[in-house]
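Asker: Based on what follows, work out the 3D shape:
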Amino acid sequence: MSSPEYAAALQAQYTRRAGPIGLTVEELDFEHFPAKNGFPGIPVKAWIRFPNCAELVDGEVYAWTAKAAEVTWKDGPVTYRTWVWSSAVTRREEMMNRNLGERTSRDSNSK
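Answerer: Numbers count the residues shown, from 1 in each chain. I've put the predicted structure just below:
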């Protein structure tokens, strides 16, 4: 790895240690958009924001609303759970070119 690439990788590593930036309680608005839970988790790829960057992670979703998903993922030995907008989340294996928000909207209409 060249020196600039190494520096960028090192910066990303330190930035991640600052912790992810998730949605606020006001943004989630559980009163109007109640959370649903599902097990087993749905394997996803999700964009997680950090103070100076964003990273695409492999994770799982166990909870979601009509507009957001709580992504659980590991960074080394540490497990994180962060709420992100549903448009930042895509199913991993069965990608189907749909985001989790489209999945939950369709599921909620069929009940």
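
Asker: confidence score at residue 14?
Answerer: Looking at residue 14, its pLDDT reads 65.

Asker: Any chance of the backbone angles for residue 63?
Answerer: For residue 63, the backbone dihedrals (degrees, to the nearest 10) come out as phi -140, psi 140.

Asker: what's the average pLDDT for stretch 28-35?
Answerer: Stretch 28-35 comes out with an average pLDDT of 97.

Asker: What is the end-to-end distance of it?
Answerer: End-to-end distance of stretch 28-35 (CA to CA, to the nearest Å): 9 Å.

Asker: Just the buried residues of the strand ranked longest in the chain, please?
Answerer: The residue-count maximum for a strand in the chain (DSSP state E) belongs to strand 36-50. For strand 36-50, burial by neighbour count (16 or more other CB atoms under 10 Å) applies to 42, 44, 45, 46, 48, 50. Yep, even glycine has a C-beta here, placed from its N, CA and C like the rest.
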